[in-house]
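Asks: Following is a predicted model, sequence given first.
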Amino acid sequence: MAASASFDIDYSDKTVLVVDDHPGMRSSIRITLSNFGVVKTDMAQSAIEAVRRIKQRDYDIIICDYNLGDGRDGQQLLEELRHSRAISLATVFLMVTAERTYEKVMSAAELAPDDYLVKPFTADTLHLRLNQVMKRKAAFARVYHLMEENAFDEAILQCDEIIREHPNYTIDALRLKAELLTVEHRADEAQAIYEQVIAMRAVPWARMGLAKTLHMQTRDQEAESLLEDLVEQSPDYLAAYDLLSQIQQAVNKEKEAQATLEKAVARSPNAILRQQAVGRLAYDNGDLETAEKALTAAVQRGRNSILRNPADHADLARFQMERGKLKEAGGTIKDLRESYADQPVAHVAAATMESLLHTRTGNTEASKKALDHATRLMREHGIEPDRAMSLNLAEACLANGDLESAQRLAGELVRDNHENSRLQDKVRKLYNQFGHADTAETLIAESTQVAISLNNQAVRMARAGDLPGAVALLGDAAERMPNNVAIQLNAAHALITLMSAKGWDEARAGTVGAYLERVRKIEPRSPKYLKTQEMFQDLGRRYGIRIGRR
Amino acid sequence: MDAHTPENGSIDLAALMASAFHELKNTIGHLTLTLDEAADRCSGCDAELADARTTCHRVSDRLVQLLTLYKSDADSLRLNVEAHSPADFIAELAAEATTLCGDRARILVDSAHAPPFWFFDRYLVAIALNNAVHNALTHGRDEIHLSARAIDGEPWFEVADNGPGFPDAILATGGHLPARSERGTGLGLYFAHVVARAHHNHGKSGDLQLANAPGARVRLTLP
């Protein structure tokens, strides 16, 4: 057969965005594209401009250089766009890299672009690669559509269809199928696929996937040793450090967990989420210096990112205060207000941290004023403080002698997390600081007592054969303490047990789903949650009902 | 501290050369793009431009080969192995070869019996085979055969021409050593050998085989 490249895809109606900080490269890619019929090409010279253009217009194809020159790289842009669903799964994303960075770029990514082009490339190479990716996207179009409709079970079946129809996409289809099974908590099935791929070739993403499914089945020791091998053999594969660190935290190896993440940060200092995680781990480990350094990086590098979070500024201000760097803390609080000018929740955080700062400088009056301001903002905007903010607020209340409000905030926090001993330690430490150690003990005992005795009573009832009674008792408690993860899970557990005995019940299943959804919002990765979710799915399967992700 | 100046003040010449190669490679990359643009705007000098582009590619590939070998010496050559379609891969190679060859040679492709997918480092294998295409273009006659097949589930890629074949001195080394000859430095074949050997799977490594059949034939087997 004589070689003739078959260029049969019509690009005249395709919208393309070229992201590159070099004007010469942008225009040369545009000319190349126009040679094979692309007429709708937009340009962006930075990640910020790319995000702005993508918000204004849907692109079929994005061609992005890895080095963007504004402190962010193409991989981060891709991750932001995919995680925030700013681009659909059908959008083609081609990454252009220089030979010097290619090796690192390619092996670092868990979330891979659709293809890589190494500079210099010819017009024909770009055209052919684009054609290949477009064909692959067309083969996966139905799966993507099902995924966007949240029809995961059907999407999983569709992957098998792709393997039958397009054997050359077997590995892509297996990878997507395993990812979907993982999302669906069908860990054992996902595990089998990863093992199948590893039997062909031990590619890093398959080893990573296998570790993930082992972790889901609480086989943490196996997962840990697998990941230790993986980071050793593929040191640029950063997602492996994240999972390894998570598992180390789950088995109470906090120091090792921090060290693992620091290794990943050293390789890729731009990743904001990882900097945030390092900062918080280091703080809990008493390593204030690392904590401040990591959060400073998270704040600086997060400026133009959708992954930024006002809590980063708040935490950074805290770390700076605890290191005695009060002036810097003041600057961070000011920056918090300016960076999130239109977000009330950020102003609550700023006022709270300001109150704490004034306490440290001995300005009682200003501290009180800032705290009042925070309280008023919360009332006006109906803001419910999250865990970190509750603790900061409780501290400000204690500092200002408002024991009652502190009691309410800390009490609720402890009650809703009555099995979380680390949080209780934080509350203890906080009260100790203000000379109220005894109050803390009483508060923790009282706040946990209700939940504990309720649980015990339910367990006794269930053992005595009164399962419906236990369900009623826990159901009542679940409504009164919607943020108490353990109560939600126990209530779900009791209902699942009841249905195993008495049969599937649509209304009861709906209630279980609601409990699990509450937990998912607070602690989506807790092993107990995953286990209960799995029990629920097993039960559904017995009655021929597929329970998907909610 | 400058990366090329170690503490004792002497110069790490190898590292300096590697940096210079990088710089040269980027310069060549820029030159290639300029030529692409010139080809779009000018007419009447297609043959000369095609020739200039071929030269740029040769220089660029040569620099990448040197840099890769330099890296593999400092550290073990780390591959980015993923699943690819050998047929798509050969089609891409053929398209580039067609552009390079113009009307000097016919490119013939056979990938009908290739497995649907295989695991290999597409980038490095492409450089190795591109080099073989360049050789075929320079030393062969008017046909270049590109093929992908599998024997016992192990695929190989092949570049063959209808020229006089390899000189005995090169055949004797099998490409396993850089052999200087009237044909050049032998770096390209040595590079292909290193890339093939760096592919491991289930205790087996890849291999490079040279033969005259009767034209020069380069075969890269990947486990």
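Replies: Great, that's in hand. Note that the structure is predicted; figures quoted are calculated from it, not measured. Numbers count the residues shown, from 1 in each chain, chains lettered A, B, ... in the order given.

Asks: Please parse chain A into its domains.
Replies: Residue ranges for the domains of chain A, per automatic domain parsing: A:15-118, A:452-542.

Asks: winner for burial among these?
Replies: Burial of the domains of chain A is given as mean neighbour count (mean count of other Cβ atoms under 10 Å in any protein chain shown); domain A:15-118 ranks first at a mean of 19. C-betas here are computed from N, CA, C, even on glycine.

Asks: pretty sure A:Gly64 is in a helix, no?
Replies: Just so we're on the same page, residue A:64 is Cys rather than Gly. No: looking at A:Cys64 with DSSP: H, G, I helix; E, B strand; the rest coil, it is strand, so not inside a helix.

Asks: I'd guessed it sits against A:Leu77; true?
Replies: Yes: A:Cys64 lies in contact with A:Leu77 (Cβ atoms under 8 Å); the separation is 6.3 Å.

Asks: Residues in contact with both of these two, list them for me.
Replies: Common neighbours of A:Cys64 and A:Leu77, counting by Cβ atoms under 8 Å, 6 or more residues apart in numbering or on different chains, are A:19, A:50.

Asks: right, and B:Leu187 touches B:Asp61 too?
Replies: No: the criterion here is Cβ under 8 Å, and B:Leu187 misses it with B:Asp61 at 10.1 Å.

Asks: Between these two, which is the more surrounded one?
Replies: Neighbour comparison, B:Leu187 and B:Asp61: the larger count goes to B:Asp61, with 20 against 16 (by other Cβ atoms under 10 Å in any protein chain shown).

Asks: What distance do you get for that one to A:Pro524?
Replies: 48 Å (Cβ to Cβ, to the nearest Å).

Asks: And for A:Ala223?
Replies: 18 Å.

Asks: by contact count, what packs against the host helix or strand of A:Trp205?
Replies: Using DSSP states H and E, A:Trp205 sits within helix A:204-216. With contacts taken as 3 or more Cβ pairs under 8 Å, 6 or more residues apart in numbering or on different chains; DSSP states H and E, helix A:204-216 sits against helix A:170-183, helix A:187-200, helix A:220-233, helix A:239-250.

Asks: who wins for proximity to chain B among those helices?
Replies: Smallest distance to chain B across the helices and strands packed on helix A:204-216 (Cβ to the nearest Cβ): 3.6 Å, for helix A:170-183.

Asks: Spatially nearest residue to B:Arg53, not counting backbone neighbours?
Replies: Distance criterion Cβ to Cβ, 6 or more residues apart in numbering or on different chains; nearest residue to B:Arg53, sequence neighbours excluded, is B:Leu35 at 5.2 Å.

Asks: Give me the buried positions along the helix or strand hosting the one you found.
Replies: If you go by DSSP H and E, B:Leu35 is part of helix B:13-41. Judged by neighbour count (16 or more other Cβ atoms under 10 Å in any protein chain shown), helix B:13-41 contains these buried residues: B:18, B:21-22, B:24-26, B:28-33, B:35-36, B:39.

Asks: so how far is that helix off the chain centroid?
Replies: Helix B:13-41 sits 17 Å away from the centroid of its parent chain (Cα atoms, centre = their mean, to the nearest Å).

Asks: Then stretch B:57-66?
Replies: 8 Å.

Asks: Tell me if it is near chain A.
Replies: Yes: applying Cβ under 8 Å from any Cβ of the partner chain, one finds that stretch B:57-66 is in contact with chain A at B:60, B:64.

Asks: then that stretch to PDB, C-alphas only?
Replies: Coordinates of each C-alpha in stretch B:57-66 appear next as PDB, following Å, rounded to 0.1, in the frame of the first residue of the first chain:
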ATOM      1  CA  HIS B  57      15.200  17.700  11.000                       C
ATOM      2  CA  ARG B  58      18.400  15.800  10.700                       C
ATOM      3  CA  VAL B  59      20.300  18.200  12.900                       C
ATOM      4  CA  SER B  60      17.500  18.400  15.400                       C
ATOM      5  CA  ASP B  61      17.100  14.600  15.600                       C
ATOM      6  CA  ARG B  62      20.900  14.300  15.900                       C
ATOM      7  CA  LEU B  63      20.900  16.700  18.800                       C
ATOM      8  CA  VAL B  64      18.000  14.900  20.500                       C
ATOM      9  CA  GLN B  65      19.900  11.600  20.100                       C
ATOM     10  CA  LEU B  66      23.000  13.100  21.700                       C
END
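
Asks: which residues are in contact with that stretch?
Replies: A:99, A:120, B:21-22, B:24-25, B:28-29, B:32, B:100, B:127, B:130-131, B:134, B:187-188, B:191.

Asks: and residue 158, what helix or strand is that in?
Replies: This is for chain A. Assigned by DSSP H and E, A:Gln158 falls within helix A:152-165.

Asks: Sorry, I should have been clearer: chain B.
Replies: Here B:Glu158 is assigned to strand B:154-161, by DSSP H and E.

Asks: Who does that strand pair with, and is each partner parallel or antiparallel?
Replies: strand B:143-151 (antiparallel), strand B:216-221 (antiparallel) (DSSP bridges).

Asks: Appreciated, that's everything.
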